[in-house]
Structures are given as structure tokens and as C-alpha cells.
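Asker: mind looking at a prediction? Sequence and model below.
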Protein chains: 2
Amino acid sequence: MVLSEEHRLVDALKRAGLKLTPQRLAIAEALTGDETHPTAQELYARLKPRFSSMSMATIYNTLGALTKIRGCRELEMGGATRFDPNVTPHDHAVCERCGAIRDVELESGEAPDSEPCPLPGFQVERIERVYRGVCAQCAEAA
Amino acid sequence: MVLSEEHRLVDALKRAGLKLTPQRLAIAEALTGDETHPTAQELYARLKPRFSSMSMATIYNTLGALTKIRGCRELEMGGATRFDPNVTPHDHAVCERCGAIRDVELESGEAPDSEPCPLPGFQVERIERVYRGVCAQCAEAA
DNA sequence: TCTTCGCTTAGAACCATTCTTATTTAGGAA
DNA sequence: TTCCTAAATAAGAATGGTTCTAAGCGAAGA
């Protein structure tokens, strides 16, 4: 599962004619299967021990490249850009207490962009939904 | 319309026990009826001519206070925080070409938070929807 | 009038992100 | 395998948005 996911990213890099550097492979690996929607800084902190000379620029360049080739998706939440390796249509639930962001699969059968035209003449390409509330863990703790 | 909107903000400030300083009134006035969802910087630029000594801190403090007392709403979009004076439940449409953010009223009769439970145990408080696509103006220009 | 406390100001500080430049390296060609 | 070159990395400076800090100001109450 995680392996095939990682392979998906590696394939995407190859197909785009981008070089498979150790740093890129490590970033792809770190992002793959990470459901916490990490920031660039968090990925940097996680990889720094393995690549002591790694630069933030490499993190940002790689994440930017992956985003452009649809290997991952950017989310603007909590004051920083977060990266989501899940590029299938889905929504997000954000806990107002702990800040955790979780993926929310679409209802089976739900067309991803099935909402009515919101504004006259506006051509909808996709819809992003954010559910805000309290996650099960925080609700239980309170 | 705009007058009563501005009055709403002034009332909210009063009720919260906050002082009605000239700066705060000017910020409330600038925000009221502004449908462009301005950033703090944009409001600063707009007010600087009138208050040559105004500080960014005052803008941020006031917008923060207004947000806390529900006089406006923060949106994280386009790399900066934007402020929306419309605090009734509504969605947003973002043009991928020009970046314009427009309010989208809920379908009449649509309950604001009527979606099914997205995750087991997650208590939904509200749902934010962002329609991404191309606005009528940009579609026509192309 | 005096005091107090909230507000504003100026600018430093902070943090995420982008840019610049020199150096290194992956991957194709010979 | 070796060589070559375009692409990628590293280091750190620069940028831009936002927050913090310290000092001063001013309105409201004693």
C-alpha cells in the first residue's frame, strides 16, 4: 500500500523528466502514507537526521515539483502550507481543539464536484470542503 | 445597508467593552461593505493616507479583536489572511486566474451544516466550502 | 487635577517561504 | 566505463506576513 504509493510518486517524477535524487526519494518516502498533512518544516525536521546537509530549499523545491506534477496537494491551514499525498478527490476535517487534519472520503456515489453553480458564469473546476469541529479524541477527553 | 453593517461592527465593539477609537472606527468602516476580502496590508494601505501614523499593529489588533467578537471572519487564502465582514453562513468562490474571492450565498433552504457525519465521532460545528474555477470575467476574457 | 488602564505607535523580532550563487551530481552520450 | 552538461542541492541572504515589546498618549474615573 505505502510501497505502491511511493512508487506512484517516483513514477510521476520519472515521467516528468525529473531526476531521482536521494533527497527527492526521501521526501517522497516521508510524505507517502503520512496522514498528518505535514508542513515543509516538519518534513525537514524528520529528514535532517538522515541528510545532515539538507537545505530547506530542497524541501520546498521538491514539494513544489511534486505539487505541479500532481504527486501531492497543498493545503493552506493553520498559518502554513501543508502537504497531502492523497490526490484523489476528498475533503478534510479539522479539529478546533488539537488542530489535527484528517482526510474525509467522499460518500460513495457522491460525484466530487456535483454542487449547483454557485455564481452566474463561474465555471467550477473543483470544490474543497473543510469540516470544522471537535475530533473524537478531543471530544472524549473533554 | 453599508451603514447598518458598520453599525453592527460598532455595536459589537461597544458590547465587548472595547473603546471606539478613530482608528478602530476607520478600520470597521473600511472593512464594512468591502466584498474583496482584503488583507491586513491592503487595509493598511487604504487607511494610511488618512492616518499617517497608523501602525500595522493597530490593524492586526483591531482585526483580531473584531474576529474574536464575531464582527468579521478570517480566511486563509493566497498565502495571507483575508478578512470577510460577512459573518452569515456562506461559501466562497476563488478564481484560479485572477485570484478574486467572491461570496457565495447558500442555496435558499439549504441548512448551513447539513452534511452527513464525515468521520466517526467527529462533531461538525460548521462546514467551509471553496469553489475553485474560473470567474465569469476571466472566462469571457479568454 | 491625578491616576489608571487601554490603545496606539515604532520598530524589532519571528517564522514561513523564496531567491541567489556556487558547488555537486544524476543520467545520457561517447 | 568515463565524460559532459543540464539539473539539483546547499547555504544563507532576502522577502513578506504577522506578532511582540516597550514607550508614550489619552480618555474615563477617583
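Answerer: On my side now, so go ahead.

Asker: for the residue nearest the centre of chain A, give its distance to A:E74.
Answerer: For chain A, the residue nearest the mean C-alpha position is A:D84 (0.7 Å; CA atoms, centre = their mean). Here the criterion is CB to CB, to the nearest Å. By it, A:D84 lies 8 Å from A:E74. In short, each C-beta sits where N, CA and C put it, glycine included.

Asker: that older thread, pull the number of nearby residues for the closest residue in space to the residue nearest to the centre of chain A that isn't next to it in sequence.
Answerer: Counting by CB to CB, 6 or more residues apart in numbering or on different chains, A:D84 lies nearest to A:R73, which is 4.5 Å off, once chain neighbours are set aside. The local packing of A:R73 (other CB atoms under 10 Å in any protein chain shown) involves 17 other residues.

Asker: contacting residues for A:R73?
Answerer: By CB atoms under 8 Å, 6 or more residues apart in numbering or on different chains, the contact set of A:R73 is A:67, A:83-87.

Asker: need phi/psi at it.
Answerer: Dihedral angles of A:R73 (phi, psi; degrees, to the nearest 10) stand at phi -140, psi 140.

Asker: same check on the one 3 residues further on?
Answerer: As for A:E76, its main-chain torsions (degrees, to the nearest 10) stand at phi -100, psi 100.

Asker: what does the helix or strand of chain A with the lowest mean pLDDT rub up against?
Answerer: Within chain A, confidence by mean pLDDT, DSSP states H and E is lowest for helix A:2-15 among all helices and strands, at a mean of 86. Under the criterion CB under 8 Å, 6+ apart, residues A:19-20, A:24-25, A:28-29, A:31-33, A:65-66, A:69-72, A:85 lie in contact with helix A:2-15.

Asker: in the very next helix or strand once past that helix, what counts as buried?
Answerer: Next in sequence after helix A:2-15, counting helices and strands by DSSP states H and E, comes helix A:22-31. Applying a neighbour-count criterion of 16 or more other CB atoms under 10 Å in any protein chain shown, one finds A:23-24, A:26-31 buried in helix A:22-31.

Asker: where is the longest strand in chain A?
Answerer: In chain A, ranked by residue count with DSSP state E as the criterion, the top strand is strand A:123-134.

Asker: so what pLDDT did A:L106 get?
Answerer: According to the prediction, A:L106 has pLDDT 87.

Asker: I meant to write A:G64 there.
Answerer: At A:G64, the predicted lDDT confidence score is 98.

Asker: that one: how many residues sit nearby?
Answerer: Neighbour count of A:G64, defined by other CB under 10 Å: 13.

Asker: so who does A:G78 touch?
Answerer: Contacts here follow CB under 8 Å, 6+ apart; on that basis A:G78 touches A:99, A:101, B:76.

Asker: can you list these in CSV and add distance to DNA strand D, pLDDT and neighbour count?
Answerer: Supplementary listing: the contacts of A:G78 in CSV, determined by distance: CB to the nearest atom of the strand, whole Å; pLDDT from 0 to 100; neighbours: other CB atoms under 10 Å in any protein chain shown:
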residue, distance to DNA strand D, pLDDT, neighbour count
A:G99, 15, 94, 11
A:I101, 19, 97, 20
B:E76, 8, 97, 15
